[in-house]
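In: With the input below, show me the fold.
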Amino acid sequence: MSIIPKNDFMRNNCLNRVKPTMLRDVKTEALLVFCRTALERYFAKIDEANYVASVGTNADTTYVYDTLRSLLVKLEDSVVNVDYFIDLVQLSNSSPLFRKLAKSEEALINYYDVMAKVIQSHYRDQLAYLPEFLVICILENWMGEEHSVALYPFLKDIDFLELMSKFEENREYFQSGDVCRVKDIHHLSDKITYALDAYKYKVNKKRVSKVRNRSK
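Out: Residues are numbered from 1 along each chain as shown. Predicted coordinates:
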């Protein structure tokens with residue numbers, strides 16, 4: 001990978017990034033990095049396949065997916081995605097400048113990795129599904145537990161409980177054999193937010209973080 005100027009690298013990943021200074025807010029940023037990455041990959045896949053996602057009535061479907069696409073636009077403007085981490089770690093191997101930048105992102109990368117481990121374990125023997133519902137659930141969980149989202153005021157404009165209700169009202173549609181996918185996503189979202197909330201980041205002055213190249 002050719003070395004690009006640091007400012008160009010940052011602009012290419014997130015033009016108006018909101019950079020927290022307190023670790024508690026970095027946890028929220030990590031959660032939003034996951035949300036941005038999951039929504040980007042989900043919408044890219046369904047758009048490429050010309051697939052029309054649905055949940056309940058046409059009105060419900062429009063409400064859910066228009067809201068999530070609008071959320072994605074705001075996330076892309078304010079937080080990076082996992083590709084930023086991957087590129088940064090690669091660049092840090094050959095550039096002292098990017099090595100220093102990677103060090104400054106170590107807490108964020110570690111928090112993201114905590115969530116990635118939970119997801120990898122959960123989906124070890126099965127395919128991932130309903131990533132859009134997972135995003136809704138973890139954001140509702142996080143905000144419901146009164147974690148600060150003051151740096152991202154647009155989140156308060158979204159009724160995540162209402163979004164969740166559209167999936168709850170159509171549980172049968174998302175049934176897979178004996179598995180209730182809606183219930184399973186609730187369980188997974190609880191595990192993700194609990195793991196992130198419980199994780200205590202410790203500064204390591206020597207190590208440069210690695211990032212797991214996986215997101216659901």
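In: C-alpha from now on. contacts and neighbour counts both.
Out: Fine.
In: any idea how far the spatially closest residue to Gln175 that is not a sequence neighbour lies from Pro131?
Out: Closest residue to Gln175 apart from its sequence neighbours, by CA to CA, 6 or more residues apart in numbering: Arg181 at 5.8 Å. Between Arg181 and Pro131 the computed distance is 11 Å (CA to CA, to the nearest Å).
In: Same question for Leu188.
Out: Plainly put, Leu188 is 11 Å away from Pro131 if you go by CA to CA.
In: Could you pull out the buried residues of whichever helix in the chain runs longest?
Out: Determined from DSSP state H, the single longest helix within the chain is helix 23-48. Residues 25-40, 42-43 are the ones in helix 23-48 that count as buried (16 or more other CA atoms under 10 Å).
In: Per-residue pLDDT of Asn93, please?
Out: In this prediction, Asn93 carries a pLDDT score of 86.
In: you'd agree it is up against Leu101?
Out: No. If you go by CA atoms under 8 Å, Asn93 and Leu101 don't touch, sitting 11.6 Å apart.
In: roughly how far apart are the residue nearest the centre of the chain and Ala195?
Out: In the chain, the residue lying closest to the centroid (CA atoms, centre = their mean) is Phe34, at 1.4 Å. Per CA to CA, Phe34 is found 14 Å from Ala195.
In: hang on, the earlier thing: burial of the residue nearest to Gln175, as a residue count?
Out: 20 (other CA atoms under 10 Å).
In: Is it correct that it is in contact with Tyr173?
Out: No. Assessed by CA under 8 Å, Arg181 is found out of contact with Tyr173, at 9.4 Å.
In: Wait, a strand at Val80?
Out: No. Counting by DSSP: H, G, I helix; E, B strand; the rest coil, Val80 is not part of a strand but coil.
In: So it is in contact with Val33, correct?
Out: Yes. Val80 lies in contact with Val33 (CA under 8 Å); the separation is 5.9 Å.
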